[in-house]
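S.K.: Turn this into a structure:
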Amino acid sequence: MNRFSSRVDTNSDQYLNNQSAYLQLTATLRERLQFAIDGGDGRERSIQRHLDRGKVMVRDRIDMVIDHQTPFLEFSTLAGWDQYDNTAPGAGIVTGIGLVHGVPYVFIANDATVKGGSLLPVSIKKHVRAQQIAEENRLGVIYLVDSGGAFLPLQDDIFPDKDQFGGSFYRQARLSAQGLPQLSVVLGGCTAGGAYVPALSDEVIMVDGIGRIFLGGPPIVKAALGEIIEPDALGGAVVHTHTSGVSDYIASNEREAYGKLRELCEATNQRSVANRQDWMDWQEPRPPHYDPAEIYGIVSADDRIGFDAREIIARMVDGSEYSEFKPEWGDTITCGYARIWGHLVGIIANNGIIFSESALKATHFIELCEQRRVPLLFLQNTTGYMVGSDAEAGGIAKNGSKMVAAVANATVPRYTVLIGGSYGAGNYGMCGRGFNPKFLFAWPNSRIATMSAETAQTVLVDIRLAGLRGENTTEAEIDAMRAEIAEQYETQSDPYYATSRLWDDGLLDPVDTRDALGLCLALAARDDEPERGRGLVYRM
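M.R.: Here you go, the predicted structure:
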């Protein structure tokens, strides 16, 4: 492949202004991530109470399990941001992927310092999403259980529906049936429905003195049977390991429990990341020729001003080498082959509105990658498909649908990063959440909505005025409508609004994106060769 030749002037005023604006975005991101981790001043008491009980903080627990000095790819750290009065940082649960004896596992770990580990609706959503990632990437799951169960005041949003609490148990049983290990360490309460997390696991370790499992805790037992009993006598580690058999192993402390967990992982016969299959072409990785930190100065501070996605790709891929497909045609989408951490990948990136030519080029390229078994990476930054009489007469609906259908039917691994705007059907054609990419990440400058706030003001005000035909509407009332609509769309398209609701798998600093994608591609390289798609490529 040829090395991309960058045209960015890192000394220009535009670059420096963009860089300054983006550094402010990354500072905000780090500040909010830190809040999700430590919870601010209001959580100090619960953290101290947790430590006084001899317990370890949730991320330290994960560090004690995974291989020394190996990365942990955390998902949706800002889930729950600006919801529940910001009293549930991280949704009270930590999920991600880490290596144990070189084998990747999904971790689902409760944070008992957040509402006692009780599960809110967004906590369940985060839990289920982690299980979905495990299934799609053929990974075992490690549950570090320290939870008060469902948050009962919101039970109607937690208990009855398909992907709520029951869905997590359904997925856990299905994962085990597929030969994907389900391992639990009980480090706190497992009450009512929460008891089924360890009970459905393949193997269970309980820590004596802090781990407890019961369908009904002491207050329920007292109310139902009039029996007064201490928690450990009802469902402690000794009872469940020596008497009931719910637990398989008992540990005297957390460190001992994690040693036993690593011992169990070693015997699960799962494939390590180093065991790559022939279908995933791999070479020794090389760093980009251009500094990834230069992305800060390339992304426009004003999101109405575009930027060249090729300049982003050049700072993300090995050696900044990019073999572009059909570079002279359909130029509002760039497609091409590159390597990320040694893994070959086909990249589809927006350079503006998607015209018919761009949609057809992307469709052709997707078919090539499907035929050649090359994973796909979508870099989204578009206002969507072109509109207007010329576009309609040119078949934009038909040609855009070809692209959407090609994305939906691709069987190779697909990954998506929102590097800018993600509006309208462009979100779908570029493999948005609804099209089930294996992973979807976003940058702190990204926006996602049916349309931009600026466009929404015009469209929705015109619709409202049409409905008010015959009524006198003052300019002041129209301005108020515009302001209301603009505020709604600005709020709901904000990246923190999106990540709080798990519309992505986490916000990434642009400089960390290459590493995150490298880990994701390494997971795909472990799989047996997936089902092949059709071999025929239709020229578009």
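S.K.: Please count neighbours and contacts with C-alpha atoms only from this point.
M.R.: Fine.
S.K.: how near is residue 493 to residue 442?
M.R.: In this view, residue 493 and residue 442 are 12 Å apart by CA to CA, to the nearest Å.
S.K.: For beta bridges, what are the partners of the closest residue to residue 442 other than its chain neighbours?
M.R.: Using CA to CA, 6 or more residues apart in numbering and skipping residues adjacent in sequence, the residue nearest residue 442 is residue 418, 4.4 Å away. For residue 418, the beta-bridge partners are residue 380, residue 442 (DSSP bridges).
S.K.: wait, isn't residue 418 in contact with residue 439?
M.R.: No - using CA atoms under 8 Å, residue 418 is not in contact with residue 439; the gap is 11.3 Å.
S.K.: Which one's more surrounded, these two?
M.R.: Using other CA atoms under 10 Å, the more surrounded residue of residue 418 and residue 439 is residue 418, with 28 against 22.
S.K.: I figured residue 137 hits residue 523, correct?
M.R.: Yes - using CA under 8 Å, residue 137 is in contact with residue 523, at 6.5 Å.
S.K.: so what's in contact with the two at the same time?
M.R.: Residues touching both residue 137 and residue 523 by CA atoms under 8 Å, 6 or more residues apart in numbering: none at all.
S.K.: tell me the mean pLDDT over the longest helix along the chain?
M.R.: Looking across the chain with DSSP state H, the single longest helix is helix 13-38. In this model, helix 13-38 has a mean pLDDT of 96.
S.K.: Same question for that helix: list its buried residues.
M.R.: Buried residues in helix 13-38, counted by 16 or more other CA atoms under 10 Å: 15-16, 18-19, 21-22, 25-26, 29, 32-33, 35-37.
S.K.: How about residues contacting the helix or strand following it?
M.R.: Downstream of helix 13-38, the first helix or strand assigned by DSSP states H and E is helix 44-52. Outside helix 44-52, the residues that touch it by CA under 8 Å, 6+ apart are 56, 57, 112, 113, 114.
S.K.: The stretch 351-500 of the chain: strands as residue ranges?
M.R.: Using DSSP state E, counting those that start in this stretch, the strands of the stretch 351-500 of the chain run over residues 376-382, 414-423, 439-442, 447-449.
S.K.: of residue 493 and residue 442, who's got more company?
M.R.: The neighbour count for residue 493 versus residue 442, taken as other CA under 10 Å, is higher for residue 442 (28 against 22).
S.K.: what's the distance between the more buried one and residue 59?
M.R.: Distance of residue 442 to residue 59, computed by CA to CA: 23 Å.
S.K.: which residues of the stretch 151-300 of the chain fall in strands?
M.R.: In the stretch 151-300 of the chain, the strands defined using DSSP E, counting those that start in this stretch lie at 182-191, 203-207, 212-214, 249-251.
S.K.: quick one: which of those strands is nearest residue 356?
M.R.: Residue 356 lies closest to strand 182-191 among those, at 46.8 Å (CA to CA).
S.K.: Now tell me which helix or strand of this structure has the poorest mean pLDDT.
M.R.: For the chain, counting by mean pLDDT, DSSP states H and E, helix 453-467 ranks last in confidence among helices and strands (a mean of 70).
S.K.: Could I get the average pLDDT for stretch 350-357?
M.R.: 94.
S.K.: Span of stretch 398-418 from start to end?
M.R.: 25 Å.
S.K.: average model confidence for it?
M.R.: Mean pLDDT, stretch 398-418: 95.
S.K.: go on, stretch 126-133?
M.R.: Average pLDDT, stretch 126-133: 96.
S.K.: Now tell me what touches that stretch from outside.
M.R.: With CA under 8 Å, 6+ apart, stretch 126-133 has contacts from 76, 79, 91, 93, 95-96, 106-108, 139, 141, 163-164, 167-168, 171-172, 438-439, 502.
S.K.: For the residue nearest to residue 442, which residues are in contact?
M.R.: Contacts of residue 418 by CA under 8 Å, 6+ apart are 379, 380, 381, 440, 441, 442, 443, 446, 447.
S.K.: Please name whichever of the residues you listed scores lowest on pLDDT.
M.R.: Ranking the contacts of residue 418 by pLDDT, residue 447 lands last with 93.
S.K.: how about low-confidence regions in the stretch 401-540 of the chain?
M.R.: Along the stretch 401-540 of the chain, segments meeting pLDDT under 70 span 453, 456-458, 465, 467-471, 528-540.
S.K.: again, but for the stretch 51-200 of the chain
M.R.: Across the stretch 51-200 of the chain, the ranges flagged by pLDDT under 70 are 150-164.
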